[in-house]
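S.K.: Build the 3D model from these lines:
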Amino acid sequence: MSRSENRDSTRIGDQPALRTSRGATWLIVGGLLAALSIGLLVALDALQPPVGLIGAAVLFVLYMLMVVAVLAIPVRRAKLVTLAGLMVAMAVVALVFVVAINVAEWSAVR
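M.R.: All right, here's what the predicted structure looks like:
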């Protein structure tokens, strides 16, 4: 049996997106996530002025790091794992900032 036949397709590390992609798909999906998240945080900036813009700036920096990773990391696996990690970080950062704005608004109401 070859090594590719022994792969367990249920393991996260064995997914094709982390083995065969060149990174363009990660950039497209990351760009969509960034655009939606930045748009939401800019809209929520009206409720908590500095927080929304700071979150949008952090997301923009994380997306730029994704672009740099595609261009700078030559090893495919390392590049793809880095892109996956940065995308997870973008989702977590967006969620943290939206929740922070929500908590601040709810505490101001009470």
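S.K.: which residues in the chain form helices?
M.R.: For the chain, applying DSSP state H gives helices covering 24-44, 49-72, 76-109.
S.K.: Which of these sits closest to residue 10?
M.R.: Minimum separation from residue 10 across those (CB to CB) falls at helix 76-109, 16.8 Å. Bear in mind the C-beta positions are built from the backbone N, C-alpha and C, glycine included.
S.K.: how about low-confidence regions in the protein?
M.R.: Scanning the chain for pLDDT under 70 picks out 1-9, 12-13, 17-18.
S.K.: what residues are up against the residue most central in space within it?
M.R.: Closest to where the C-alpha atoms of the chain average out (CA atoms, centre = their mean) is residue 87, at 2.2 Å. By CB atoms under 8 Å, 6 or more residues apart in numbering, residue 87 lies in contact with 26, 29, 30, 33, 66.
S.K.: What separation do you get for it and residue 93?
M.R.: Distance, residue 87 to residue 93, by CB to CB, to the nearest Å: 11 Å.
S.K.: Ok, residue 19 next?
M.R.: Distance from residue 19 to residue 93, by CB to CB: 26 Å.
S.K.: out of the two, which sits in the busier spot?
M.R.: residue 93 (17 against 13; other CB atoms under 10 Å).
S.K.: Correct me if wrong: the more buried one contacts residue 56.
M.R.: No - Residue 93 lies out of contact with residue 56 (CB atoms under 8 Å); the separation is 10.1 Å.
S.K.: hmm, back to that, closest one to residue 15 among the helices of the chain?
M.R.: The closest of the helices of the chain to residue 15 is helix 76-109. By CB to CB, the value is 9.4 Å.
S.K.: From the chain's centroid, how far away is the closest one?
M.R.: Here helix 76-109 is found 7 Å from its chain centre; the criterion is CA atoms, centre = their mean, to the nearest Å.
S.K.: could you check the angle helix 49-72 makes with that helix?
M.R.: 180 degrees (axes from the mean of the first three to the mean of the last three CA atoms, to 10 degrees).
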